[in-house]
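What shape does this take:
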Amino acid sequence: GQVQIFSWKAEAEMPYFWRPEVSVNEDGYLITKDFIEDESISCVNQDCIRTPTDGKILGQDGKFYTLTRSEVTKRWEIRDEDERELVSFQAPENAYLEINIFPKVVVVEVFQNRNSYVTAYRTDGKRAEIANHFVYRILSDENMIVFGVYQEGLKVLDVEQWSVKRYEADDFNVLALVDDDVFLANQSWETGPSVQVVDISTKQSQHISVPDWRAGTWGASVESSAFQQTLLLIDSSGMVYVIDTEGGKFVCEFNAGYPYSNTAMTFSPDGRLFVTYGADGFIRVWAVTPEPLTAQTIP
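Residues are numbered from 1 along each chain as shown. Here you go, the predicted structure:
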């Protein structure tokens, strides 16, 4: 019924992170990785290594890829570390490109003249038009890629069947993909603040009421989430909401850095620790399962 915490402090200056990938390995070490302005940062506890990436793109598999434009074909090409071509596509030379590389699929978002469109390319040459508006968040598993699209709501790309389906959603802020359920942060005034759960197999949806999405340093925001067994933890401007997905109800909330949002959250492999990274620059490690008091631990 209570959240108990302990503090973790680096014994050296930590680098600035933007949206890091944080994890706790089986040996209990805190692993932090990020990719900022042509530099890869990897830390084990407080020991960090910075590696220049020379403009390369970091894929979801942790490997680096290069993006170049052929002067002959005038097409953009994405190649792997062995210089093998993954996909090629057409886009204006002066456009801004946002690239997401998944196993077998590359998602390209093109921004030009205040317009944007999103296309997915499979490594066998197939392509699929995803949206004509900007994508707020992308989540994936082995078979599906889920897109939260501005003004279009929820879209799902079936990687194997290579089909795109749109689902009714009250918002485009995708939080989690668990089996066939997609969780979205619903900020609609009509239904009130809630987590909307969309079952993409049956197309049915339900709402789990939550407190108001908090307004922090940069206004109301829902930046990140983490899933463990039947618990979904959602950041709301530094306040973390705990949702019981099996019971379909809000459980509790706790302060994890309010009013600064957490841009990354995760559980340790054994579920005992919970890690948050906040925009205030702090990594916080939480004890999900408090250690029992013993004669040695009592002051």
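
pLDDT-wise, which helix or strand of the chain ranks last?
Within the chain, confidence by mean pLDDT, DSSP states H and E is lowest for strand 4-5 among all helices and strands, at a mean of 52.

Please pull up the helix or strand immediately following that one.
Once the chain leaves strand 4-5, the next helix or strand it forms, by DSSP states H and E, is strand 21-24.

In that next one, which of the residues would be classed as buried?
Going by neighbour count (16 or more other C-beta atoms under 10 Å), the buried part of strand 21-24 is 21-24. C-betas here are computed from N, CA, C, even on glycine.

contact partners of that strand?
Identification of contacts with strand 21-24 by C-beta atoms under 8 Å, 6 or more residues apart in numbering yields 30-34, 264-269, 273, 275, 277, 283, 285.

average pLDDT across it?
Averaging pLDDT along strand 21-24 gives 86.

now do stretch 223-235
Here the average pLDDT along stretch 223-235 is 93.

so where is this protein shaky, pLDDT-wise?
The model of the chain has pLDDT under 70 over residues 1-13, 290-299.

residues contacting residue 119?
Residues near residue 119 by C-beta under 8 Å, 6+ apart: 89, 107-108, 110, 127-130.

same question but for residue 149, I mixed them up
Taking C-beta under 8 Å, 6+ apart, we find residue 149 in contact with 118, 130-131, 133-136, 155, 172.

can you pull up the bridge partners for the closest residue to it other than its chain neighbours?
Using C-beta to C-beta, 6 or more residues apart in numbering and skipping the chain neighbours, the partner closest in space to residue 149 is residue 131 (4.4 Å). Beta-bridge partners of residue 131, counted by DSSP bridges, are residue 118.

OK, contacts around residue 131?
Counting by C-beta under 8 Å, 6+ apart, residue 131 makes contact with 117-118, 147, 149, 152, 155.

Residue 140: which of those is nearest?
Using C-beta to C-beta, residue 147 comes nearest to residue 140 of these, at 9.7 Å.

tell me which element the closest one falls in.
Element membership for residue 147 (DSSP H and E) is strand 144-149.

Direction included, what does that strand pair up with?
strand 135-140 (antiparallel), strand 153-158 (antiparallel).

and the last one, which residues are buried?
Neighbour-count burial for strand 153-158 flags 153-157 (criterion: 16+ other C-beta under 10 Å).

and which of these is nearest residue 224?
Using C-beta to C-beta, residue 154 comes nearest to residue 224 of the buried residues of strand 153-158, at 18.3 Å.

Can you check the distance spanned by stretch 185-193, start to finish?
In stretch 185-193, first residue to last residue: 8 Å (C-alpha to C-alpha, to the nearest Å).
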